[in-house]
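Student: Build me a model from this:
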Amino acid sequence: MIVATVSITVLLLSLPLTLPIGPMYWDVYIYYDAANRIFDGQVPIVDFFAPVGPLGYYLFAGFVGIFPNAQPTLIAHWSLLAVTLPLMALVVRDVDRRSRTTAFALLIPFLLFALLPFNTREFYPFPGSDGFGIYNRQCCQMLYVLVAALLFVRDRRIVAAVLVTSMLALFTLKITGFVAAGCIAAYALLAGRLRLKMALACAAAFLALLAGLEVFTGIVGAYLADIIALVRLNSDTLAPRFLQAASMNFGIVAPTIALAALLAWTDRTRLWSLAIDAVRHRSLAEAAAVLDHRAAWLLAVLAAGIFFETQNTGSQALIFLWPALLLVLGDVATMMRRPRTLIAVMALVATAALPPAVMLVERAARTYAGAPKNVPLEHANLKTLGAVSMRPEVARRLEDMLAHYPAHRATYDDLIPRGELPANVLYSDFDFQAIYLTAIDRAIASIRDIEARNNVRFETLMSLNFVNPFPWLMDRSAPRYITIGADPMRAVPAPGERENQAVAAADLVLYPTCPPTVANTRLYELYAPALSSHRRIRLDACYDAFVNPKFAGAFE
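Tutor: Presented below is the predicted three-dimensional model:
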């Protein structure tokens, strides 16, 4: 099945596929910006500020090098298979020696989540591909492999390999995923699933690998500095998000807690006896036996999962609970003695486990079943970023709004001092994403026209926007040091001297205006001092541009 998965992904990545556009599709442009910078010799974190770690960008760049015509959402989602699939193969191989049923019960859900590029929560009423939350989904899949190994693998060498690799991968993917994994691994140590000697050896190997990364790339120190900067920018939003994460996933959280309570209650006599003996004998082994109870594992993994979801907009939330739920099902023989308990346990397991899988399959079915009636995006300059389709009514609205926004720009400018967007879910609207792509396509045509008429070439391109696809699409360079995925509310530290120098040296800085937004205005305000010598021009109906003074002669 793993071989079949590899074959299918290679085949689909080799084909020029078109997928329905989805909410916040522009998140995937961040990967192309990063890949272009990597191909240009820049090092993630060291040479540009990023909201997450470097691994996802390197994997994506490698996959793009192999599959240059792959659909963006698919290649971004599947690139982590290079890490997770070999580790999952090791887990399944070990488990299969004892139970093929259990091995398949671990593998099939993993492949479902790893192959379908969707989040487990719908963010927009229309069906479409999820080009956002990709690194969150990848972290969830990595955590799934880790939990499966800790709970089901007996070969200590495999456990060690999975632990070290997954911790390193999560550290370099997203720091909250690493912290969640650290909590789970620490709990495994307390519960006796990890021996202290092995844990220390794994920690030493992990630190040695980090030291090697730091020596050869300088990424680790810069990454930690970036994390500190992001924590400072988001410190006031973390606490309320614990409640938000629990409430958004209430359909999983509530039955999991109820199941843990039921398991602890039905086994209360033995647990109480173990706890008393642990205190009386001061026995770590007996204390570990209490912590290794199925109910305790459910709560430990759930707590780590809720923490991870505190900073996520979209993800495959809590899918790594399934190995812990499967551990519960492994004790069915004992529960058969109490039919009522068995029925309650099975019902609660199903209630906790099925919603993410059902939601994923339903969303994929809606998206792909409706795709044949979609129309492809028309473009000339977008490469594979334009490999999307949309409903005919969205395509009609695209043209209407591209005429409307420039004609009524003052109206949308008036919203900016109020801190309002033209629509509350503007970035999720399919028409906005399609409009944005078309505006980029036309802006590139305008840039090339200016270059041809004035016999110039703008080598360094920047965008005062959340994303900057222009360097990738035009085979140019992006300024060093500035943020990719530039959300000025959450992920753009105040520019320092080197950032300002890089912006001041940029040949052309693009400023989107269809429509004007609060975020773009704040980005302009951040970088305005560095752009003071640039000449502002109207590039076309949907873009202004700031031209480096070295090109002033061409515009006389």
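Student: only C-alpha atoms for contact and neighbour calcs from this point on.
Tutor: Fine.
Student: For V332, report the pLDDT, please.
Tutor: Note for V332: predicted pLDDT of 67.
Student: how about the helices in the stretch 301-450 of the chain?
Tutor: For the stretch 301-450 of the chain, the helices defined by DSSP state H, counting those that start in this stretch cover 322-329, 332-335, 339-369, 392-407, 409-413, 430-454.
Student: among the ones you listed, which gets the worst mean confidence?
Tutor: Here the lowest mean pLDDT among these goes to helix 332-335, at a mean of 65.
Student: circling back: how about CSV for the helices of the stretch 301-450 of the chain, with distance to R93 and mean neighbour count added?
Tutor: Shown next, in CSV, are those (distance: least, Cα to Cα, whole Å; neighbours: other Cα atoms under 10 Å):
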stretch, distance to R93, mean neighbour count
helix 322-329, 16, 22
helix 332-335, 23, 12
helix 339-369, 24, 17
helix 392-407, 48, 15
helix 409-413, 58, 16
helix 430-454, 43, 19
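Student: For I537, which three-state class applies?
Tutor: strand (DSSP: H, G, I helix; E, B strand; the rest coil).
Student: what's the neighbour count on it?
Tutor: If you count neighbours by other Cα atoms under 10 Å, I537 ends up with 12.
Student: Assess the claim that it and Y511 are in contact.
Tutor: No - between I537 and Y511 there is no contact under Cα atoms under 8 Å: 10.0 Å.
Student: any residues in contact with both of these two?
Tutor: Common neighbours of I537 and Y511 are listed as D544, A545, F546 (criterion: Cα atoms under 8 Å, 6 or more residues apart in numbering).
Student: Of those, which belong to strands?
Tutor: Counting by DSSP state E, those place D544, A545, F546 in strands.
Student: want to try CSV for those residues, with pLDDT, distance to T438 and neighbour count as columns?
Tutor: Putting those into CSV (pLDDT from 0 to 100; distance: Cα to Cα, whole Å; neighbours: other Cα atoms under 10 Å) gives the following:
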residue, pLDDT, distance to T438, neighbour count
D544, 96, 15, 17
A545, 96, 17, 22
F546, 96, 20, 22
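Student: Name the helix or strand for F118, please.
Tutor: When elements are assigned from DSSP states H and E, F118 belongs to no helix and no strand.
Student: Excluding residues flanking it in the chain, which one is nearest it?
Tutor: D130 (5.2 Å; Cα to Cα, 6 or more residues apart in numbering).
Student: Against G192, how distant is the residue of the chain positioned farthest from its centre?
Tutor: For the chain, the largest distance from the centre (Cα atoms, centre = their mean) belongs to R280, which lies 47.3 Å off. Distance, R280 to G192, by Cα to Cα, to the nearest Å: 19 Å.
Student: Please apply the same query to N136.
Tutor: In this view, N136 and G192 are 29 Å apart by Cα to Cα.
Student: More neighbours: which of those two?
Tutor: Of the pair N136 and G192, N136 is the one with more neighbours under other Cα under 10 Å, namely 25 against 19.
Student: ok, now which ones touch the nearest residue to that one once chain neighbours are set aside?
Tutor: Nearest non-adjacent residue to N136, counting by Cα to Cα, 6+ apart: S315, 5.0 Å away. By Cα under 8 Å, 6+ apart, the contact set of S315 is N119, T120, R121, G133, I134, N136, R137, C140, E309.
Student: Show residues contacting whichever strand or helix holds the residue farthest from the centre of the chain.
Tutor: Element membership for R280 (DSSP H and E) is helix 268-281. With contact meaning Cα under 8 Å, 6+ apart, helix 268-281 is reached by A264, S283, L284, A285, E286, A287, A289, V290.
Student: P516 versus the nearest residue to L415 once chain neighbours are set aside, what's the distance?
Tutor: Among residues not flanking L415 along the chain, L421 sits closest, at 6.7 Å (Cα to Cα, 6+ apart). Noted for L421: a distance of 9 Å to P516, by Cα to Cα.
Student: of those two, who's got more company?
Tutor: Counted by other Cα under 10 Å, L421 and P516 do not tie: P516 has more neighbours, with 24 against 18.
Student: right, and that one touches A410 too?
Tutor: No - using Cα under 8 Å, P516 is not in contact with A410; the gap is 9.1 Å.
Student: who touches Y187 in this structure?
Tutor: Y187 touches A300, counting by Cα under 8 Å, 6+ apart.
Student: Mind doing that once more with 10 Å?
Tutor: A181, R193, L194, A288, L291, D292, A296, W297, A300, V301 (Cα atoms under 10 Å, 6 or more residues apart in numbering).
Student: Make a markdown table from the residues you listed and add pLDDT to it.
Tutor: Listed next are these as a markdown table, based on pLDDT from 0 to 100:
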| residue | pLDDT |
| --- | --- |
| A181 | 97 |
| R193 | 94 |
| L194 | 94 |
| A288 | 84 |
| L291 | 92 |
| D292 | 92 |
| A296 | 96 |
| W297 | 97 |
| A300 | 97 |
| V301 | 98 |
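Student: Now for those: which two are most distant?
Tutor: Maximum pairwise distance among the contacts of Y187 (Cα to Cα): 19.2 Å, between A181 and A288.
Student: element containing the residue nearest the centre of the chain, please.
Tutor: Using Cα atoms, centre = their mean, the residue of the chain that lies closest to the mean C-alpha position is Y135, 2.0 Å off. Using DSSP H and E, Y135 falls within helix 134-152.
Student: quick check: mean pLDDT across that helix?
Tutor: In this model, helix 134-152 carries a mean pLDDT of 97.
Student: all strands of the chain, in order?
Tutor: 19-20, 375-376, 388-390, 461-463, 508-512, 535-540, 543-547.
Student: Buried residues in the fifth one, which are they?
Tutor: Along strand 508-512, the positions that meet the burial threshold by neighbour count (16 or more other Cα atoms under 10 Å) are L508, V509, L510, Y511, P512.
Student: What is the nearest of those residues to S532?
Tutor: When the buried residues of strand 508-512 are compared against S532 (criterion: Cα to Cα), the nearest one is V509, at 12.0 Å.
Student: rewinding a little: now the helix holding R280 - C-alpha only, CSV.
Tutor: C-alpha atoms of helix 268-281 as CSV (Å, rounded to 0.1, in the frame of the first residue of the first chain):
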residue,chain,number,x,y,z
ARG,A,268,-10.8,2.6,39.2
THR,A,269,-10.1,-0.2,41.7
ARG,A,270,-6.8,-1.3,39.9
LEU,A,271,-5.8,2.3,39.3
TRP,A,272,-6.4,3.3,43.0
SER,A,273,-4.4,0.2,44.1
LEU,A,274,-1.5,1.1,41.9
ALA,A,275,-1.5,4.7,43.0
ILE,A,276,-1.6,3.7,46.7
ASP,A,277,1.2,1.1,46.1
ALA,A,278,3.3,3.7,44.2
VAL,A,279,3.1,6.1,47.2
ARG,A,280,3.6,3.4,49.8
HIS,A,281,6.5,1.8,48.1
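Student: how far out from the middle of the chain is it?
Tutor: 43 Å (Cα atoms, centre = their mean, to the nearest Å).
Student: For that helix, buried residues please.
Tutor: So for helix 268-281, counting by 16+ other Cα under 10 Å, buried means L271, L274, A275, A278.
Student: With stretch 70-83 instead?
Tutor: Across stretch 70-83, burial judged by 16+ other Cα under 10 Å covers A70, Q71, P72, T73, L74, I75, A76, H77, W78, S79, L80, L81.
Student: And the last one, how far from Q141?
Tutor: L81 sits 9 Å away from Q141 when distances are taken as Cα to Cα.
Student: Need the residues touching each of the two.
Tutor: Common neighbours of L81 and Q141 (Cα under 10 Å, 6+ apart) are L111, A114.
Student: What's the mean pLDDT across stretch 220-236?
Tutor: pLDDT averaged over stretch 220-236 gives 81.
Student: Any buried residues in stretch 147-157, and which?
Tutor: Residues V147, A148, A149, L150, L151, F152, V153 are the ones in stretch 147-157 that count as buried (16+ other Cα under 10 Å).
Student: Contact partners for the last one?
Tutor: Read that as V153. L90, V91, V92, R93, D94, V95, D96, V147, V159, V162, R193.
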